[in-house]
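Enquirer: With the sequence up front, the predicted model follows.
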Amino acid sequence: GVEEGAEAYEEVLDDASTNVESLVEQILVAAYQKNASAIHIEPSAASSETGIRFRIDGVCQDYLQVSASIATGIISRLKIMANLDTTQNQMPQEGKIKFKHEDIPPFDLHLATIPTNCELEDAVLRILANPCSMKLNEMGLSDWNLNVIKKIFMQPQGLILVAGPSGSG
């Protein structure tokens, strides 16, 4: 369902003086605090509503519904933050955003936009993993696996392949 923080914004969204910058900040902060891996902004040609969803633990969850006019402003603001062409909505664009806010640590996002029907534009923001490395003993390995890895590290030759899902760092 729609989150409580989003409900507080519904009153603001009804006001003609909507501050798109504040709304974008609120969306990004909320996504970070909920450990979302992605934010989807999906305008609908069938209605005048645009759905904003967070992907949390691999499942997209509704976060907020906004009017199409506000969604256009949100996507334009994100394009500005990613140094993309705000006048171009008929071809896909990609960019990166470095987001800083006083309430949370800074993090990076990958923005991808794609044109849809009726001259609308979808946007997906992937929240990129923190580039800080994790200490080996903090990775949750069993004692046996930790000892095996440490022995392998002491070998003069070899290769260890570390892989994870896209964006995992």
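Expert: Nice, thanks for sending it over.

Enquirer: List phi and psi for residue 70.
Expert: Torsion angles at residue 70 (phi, psi; degrees, to the nearest 10) stand at phi -70, psi -40.

Enquirer: What count of nearby residues applies to it?
Expert: The burial count assigned to residue 70 is 17, neighbours taken as other Cβ atoms under 10 Å. From N, CA and C alone the C-beta is placed, and that goes for glycine too.

Enquirer: I'd assumed residue 20 was in contact with it.
Expert: Yes - using Cβ atoms under 8 Å, residue 70 and residue 20 qualify as a contacting pair, with a distance of 6.9 Å.

Enquirer: For residue 146, see how far away the residue nearest to residue 119 when sequence neighbours are not counted is.
Expert: In space, and not counting its chain neighbours, residue 119 is closest to residue 89: 6.8 Å by Cβ to Cβ, 6 or more residues apart in numbering. Per Cβ to Cβ, to the nearest Å, residue 89 is found 51 Å from residue 146.

Enquirer: Neighbour count for these two, which is higher?
Expert: When residue 89 is set against residue 146 and neighbours are counted by other Cβ under 10 Å, the residue ahead is residue 89, at 19 against 14.

Enquirer: show me where this structure has strands.
Expert: In the chain, the segments counted as strands under DSSP state E are 38-43, 49-56, 59-67, 93-101, 104-115, 121-127.

Enquirer: residue contacts, the closest residue to residue 107 other than its chain neighbours?
Expert: Among residues not flanking residue 107 along the chain, residue 99 sits closest, at 5.8 Å (Cβ to Cβ, 6+ apart). Residue 99 makes contact with 28, 81, 106, 107, 108, 109, according to Cβ atoms under 8 Å, 6 or more residues apart in numbering.
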